[in-house]
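*Asks:* structure for the following, please:
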Amino acid sequence: MPTIFDLERIAAAHWRGTEEERLGDWLLRAAAGFTGRANSALALGDPGLPLDEALAVVTGWYRDRGLPPMIALPLPLEAGIAGDALDADLSRRMWPTRPGPAFVMVADLPLGIPMDGLGAGREVRSSREPDDAWAARYHYRGQEYLPPVARRVLTSAADQSFVSICDGAEILAIARLSIAEGWAGLTAVEVHPDHRRQGLGAAITAAACREAELRAIRHVFLQVEVGNRPARTLYERLGFRYAHRYHYRIAPA
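*Replies:* Numbering: from 1, shown residues only. Down below sits the predicted model:
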């Protein structure tokens, strides 16, 4: 199992900002505000400056781009142990946490997931680019339409597949499978609201992971919000295990 920092460095290659800049060991990322991961400073290791100076650089960098200064903080699963020092420092400096803390989960491939969600007339489709039908099914945080920058973020990994389960022309479920740094990443998993509780969540996960297996990839990760109990239960059942957690802190106004 890679360390928390190693796994976060791997994940950073799967969902990238359209702008990136190094600050010591930290990685500053921006993508016109689309997603927290692509618009936050990933705080790993030493920024190469005293903390207050580093925070001033981060704050200025994001405000120059019209974005709220935000830092992504990977943390151990258990709160209050080694690894929480920067989080405590930001708390003392009145950087509030953004709602929606999440877990990073990992699994070894192959998972051996049955495709029970595929009934008569349903098929799996995969493409290297997100077509309009795939994009129309993806509603990031409930957004009705994806911003123009979204396609650049979605195709920012070294390689990716956009997987769908379809019934004729109707798309029932989608996922994005990315490949970078020897790992697969599972993101943008969504099931049509009218077709939930039919096994499609497991089926689209299986279909995406098989794309990784075709590339001889043996490890996959995903991120899931702490409060999303149905998704967490599904991934636990499919063989994913918890690696660490993370949240974002936003600069005070």
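*Asks:* point out where the stretch 101-250 of the chain drops to low pLDDT.
*Replies:* Low-confidence segments of the stretch 101-250 of the chain (pLDDT under 70): 116-117.
*Asks:* mind listing the strands for it?
*Replies:* In the stretch 101-250 of the chain, the strands defined using DSSP state E, counting those that start in this stretch lie at 102-108, 122-127, 159-167, 170-180, 183-191, 219-225, 241-250.
*Asks:* what angle do the fourth one and strand 159-167 make?
*Replies:* Here strand 170-180 runs at an angle of 160 degrees relative to strand 159-167 (axes from the mean of the first three to the mean of the last three Cα atoms, to 10 degrees).
*Asks:* same thing with the first one?
*Replies:* Between the axes of strand 102-108 and strand 159-167, defined by the same axes, to 10 degrees, the angle is 90 degrees.
*Asks:* now strand 102-108: buried residues?
*Replies:* Within strand 102-108, the residues scored as buried using 16 or more other Cβ atoms under 10 Å are 102-107. Just so you know, the C-beta spots here come from the backbone N, C-alpha and C atoms, and that holds for glycine as well.
*Asks:* okay, those in TSV with distance to R125 next?
*Replies:* Compiled in TSV, those are given as follows (distance: Cβ to Cβ, whole Å):
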residue	distance to R125
A102	28
F103	29
V104	28
M105	26
V106	26
A107	23
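*Asks:* which among those residues gets closest to G142?
*Replies:* A102 (16.3 Å; Cβ to Cβ).
*Asks:* in contact with that closest one, which residues?
*Replies:* Residues counted as contacts of A102 (Cβ atoms under 8 Å, 6 or more residues apart in numbering) are 223-226, 245-247.
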